[in-house]
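1. Pasting the sequence and the predicted coordinates here, then a few questions.
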Amino acid sequence: MKRILLVLLVLLGLQTQAQINICDSVTISGSQYQLTIEVNNINTIMYYWETTGPNGLFTLAEDSMTNQHSVYNVNPVTQMTYDTILTCANTNLTTCCWTFIWDGTMWLRMGAPSQITCDSITYWVDQSQGFNVGLDTSNIGHNPDSMEVYWQACTNGLCYAGQGMYAYFGQIMTTDTVKLCYDVMFWESGVLEVCTHCDSLIYDGNNWVLFSIGNTTSINELIFNRTNDGKIYDMLGREVTKIQMGQMYIRNNKKYIRVK
């Protein structure tokens with residue numbers, strides 16, 4: 001009976017461990033210069049850690065046989081701190097890699113929250129009182145911890161910046177073709193998701209609409225004025241005064257060849 005109970009306890013322990021997602025159990029704390037990355041509530045040891053800069057050229061820190069990883073974040077060449085770092089760690093069965101970014105105050109793990117998708121975000125444009133734009137996040141299903149929105153409107157070689165859920169660009173005229181872009185930064189449970197989108201817009205007289213090659217604005221018939229002036233041209237379109245025997249030439253929009 002004791003042996004049966006022992007087997008059940010072992011199986012229960014293995015099942016509990018299998019349900020823990022090691023890669024989601026990471027936390028990060030500290031300053032931009034010195035930080036600590038660790039995994040929590042797992043029943044195993046991380047064999048090896050390595051943290052590099054965003055390009056992977058310089059190793060900032062290495063650790064082994066520990067669940068806590070300390071990093072001194074300084075580029076050895078420029079002596080500047082990185083805003084983005086890459087960290088990988090592995091057990092005997094799992095390898096986890098994370099991207100962390102410094103937002104000016106704290107480190108955040110770059111990832112994709114399961115309930116937020118960039119396809120659920122839209123925007124509107126209103127010309128009734130100038131070029132007004134606004135973000136519509138009503139379809140994301142829930143509220144993130146925080147959100148920042150950055151806009152950019154470009155026309156005639158100039159770009160103008162805006163920030164917030166709503167932005168106004170008084171420089172944009174209805175005669176302009178506008179490239180409108182937004183970057184939306186969502187924070188949720190210490191994880192950052194960035195949604196970026198750009199469109200080209202034109203004003204159709206009533207509304208701002210998407211501009212593409214498929215949007216036909218007008219069709220004009222091309223009319224060519226053909227004059228029968230009797231001039232002679234060679235096959236390259238050059239005017240000539242003397243035609244050689246057997247040479248093809250053009251006169252009054254017709255082809256001829258001299259035979260004698």
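-> Thanks, I have it.

2. make it CA atoms for all contacts and neighbour counts henceforth
-> OK.

3. Contacts for stretch 166-180 next, please.
-> Outside stretch 166-180, the residues that touch it by C-alpha atoms under 8 Å, 6 or more residues apart in numbering are 130-135, 151-156, 160, 162, 198-203.

4. hang on, I meant stretch 89-105
-> When contacts are defined by C-alpha under 8 Å, 6+ apart, stretch 89-105 is touched by residues 22-23, 32, 44-50, 83-88, 107-111.

5. That one: which residues count as buried?
-> Within stretch 89-105, the residues scored as buried using 16 or more other C-alpha atoms under 10 Å are Ala89, Asn90, Trp98, Thr99, Phe100, Ile101, Trp102.

6. Repeat that for stretch 46-60.
-> So, applying 16+ other C-alpha under 10 Å, buried residues of stretch 46-60: Met46, Tyr48, Trp49, Glu50, Thr51, Thr52, Gly53, Pro54, Thr59, Leu60.

7. hey, what's the residue nearest the centre of the chain bridged with?
-> For the chain, the residue nearest the mean C-alpha position is Thr196 (5.1 Å; C-alpha atoms, centre = their mean). Taking DSSP bridges as the rule, Thr196 bridges to Asp183.

8. what's the answer for Arg251, then?
-> Ile232, Lys254.

9. wait, it sits on Asp234?
-> No: using C-alpha atoms under 8 Å, Arg251 makes no contact with Asp234, being 9.1 Å away.

10. residue contacts, the nearest residue to Thr59 once chain neighbours are set aside?
-> Counting by C-alpha to C-alpha, 6 or more residues apart in numbering, Thr59 lies nearest to Thr52, which is 4.4 Å off, once chain neighbours are set aside. Thr52 is in contact with Phe58, Thr59, Leu60, Ala61, Ile85, Leu86, Thr87, counting by C-alpha under 8 Å, 6+ apart.

11. now swap in Ile28 and tell me
-> The contact partners of Ile28, by C-alpha under 8 Å, 6+ apart, come to Leu35, Thr36, Ile37, Glu38, Trp107, Leu108, Arg109.

12. Buried ones among those residues?
-> Neighbour counting with 16+ other C-alpha under 10 Å marks Leu35, Ile37, Glu38, Trp107, Leu108, Arg109 as buried within these.

13. Which helix or strand contains Glu38?
-> For Glu38, the element it lies in under DSSP states H and E is strand 34-39.

14. could you say what helices and strands that strand packs with?
-> In terms of contacts (3 or more C-alpha pairs under 8 Å, 6 or more residues apart in numbering; DSSP states H and E), strand 34-39 is packed against strand 26-30, strand 68-72.

15. buried stuff in stretch 136-145?
-> Under the neighbour-count criterion of 16+ other C-alpha under 10 Å, stretch 136-145 has Thr137 buried.

16. same check, this time on stretch 25-44
-> Neighbour-count burial for stretch 25-44 flags Val26, Ile28, Gln32, Leu35, Ile37, Glu38, Val39 (criterion: 16+ other C-alpha under 10 Å).

17. from those, which two are the most distant?
-> For the buried residues of stretch 25-44, the farthest-apart pair by C-alpha to C-alpha is Gln32 and Val39; their separation is 19.3 Å.

18. Which of the contacts of Thr52 scores worst on pLDDT?
-> Among those, Phe58 has the lowest pLDDT, at 86.

19. which one is it nearest to, not counting chain neighbours?
-> Closest to Phe58 by C-alpha to C-alpha, 6+ apart is Thr52, at 5.5 Å.

20. for the one you found, which residues make a bridge with it?
-> The partner residues for Thr52, given DSSP bridges, come to Thr59, Leu86.

21. List the contacts of the residue nearest to Cys118 when sequence neighbours are not counted.
-> Counting by C-alpha to C-alpha, 6+ apart, Cys118 lies nearest to Cys195, which is 5.4 Å off, once chain neighbours are set aside. Counting by C-alpha under 8 Å, 6+ apart, Cys195 makes contact with Cys118, Tyr182, Asp183, Val184, Met185.

22. Just the pLDDT for Cys195.
-> Looking at Cys195, its pLDDT is 86.

23. any idea how far Trp98 is from it?
-> Per C-alpha to C-alpha, to the nearest Å, Cys195 is found 19 Å from Trp98.
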